[in-house]
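Engineer: Dropping the sequence and predicted coords here.
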Amino acid sequence: MALLHGGFRGRQGLGALAAAGMFLGEAILAGLAGSWIGTARFGDFGPSLAGIAIQPAIVGTIILAFAIDLLAKAFVRTTA
């Protein structure tokens, strides 16, 4: 269940993960990492799914997706 949650959050990350060319497995790992970062940073508040607080997980995934998008754009600029 946590893998499905991570994959959903990873794919939902403002389209940045798809724009960065991530596959589903990579999106699952990024979603789980974003959920972990969000929960560690913002705590356990709001409703939870499979033991993961939804609101901090969304915020953490958005932050991680934004960071990946910035890094991908910077990498493309330097290699082009």
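Structural biologist: Ah, there it is.
Engineer: rest of the way, CA atoms for contacts and neighbours
Structural biologist: Noted.
Engineer: May I ask which helix or strand of this protein has the lowest mean pLDDT?
Structural biologist: Ranked by mean pLDDT, DSSP states H and E, the weakest helix or strand in the chain is helix 16-19, scoring a mean of 51.
Engineer: Please identify the buried residues of the helix or strand following that helix?
Structural biologist: Note on helix 16-19: by DSSP states H and E, the next helix or strand toward the C-terminus is helix 24-42. Under the neighbour-count criterion of 16 or more other C-alpha atoms under 10 Å, helix 24-42 has 27-39 buried.
Engineer: which one in these is the model shakiest on?
Structural biologist: Minimum pLDDT for these is recorded at residue 27 (70).
Engineer: any idea how far it lies from residue 36?
Structural biologist: 14 Å (C-alpha to C-alpha, to the nearest Å).
Engineer: now do residue 75
Structural biologist: 25 Å.
Engineer: Likewise for residue 73?
Structural biologist: Distance from residue 73 to residue 36, by C-alpha to C-alpha: 24 Å.
Engineer: what stretches of this protein score poorly on pLDDT?
Structural biologist: The chain contains residues with pLDDT under 70 at 1-25, 78-80.
Engineer: So which elements touch the longest helix along it?
Structural biologist: What stands out as the longest helix in the chain, according to DSSP state H, is helix 54-79. Using 3 or more C-alpha pairs under 8 Å, 6 or more residues apart in numbering; DSSP states H and E as the contact test, the elements touching helix 54-79 are helix 2-12, helix 16-19, helix 24-42.
Engineer: next SSE after the longest one?
Structural biologist: Translated: helix 24-42. strand 48-49.
Engineer: Cool, thanks, talk later.
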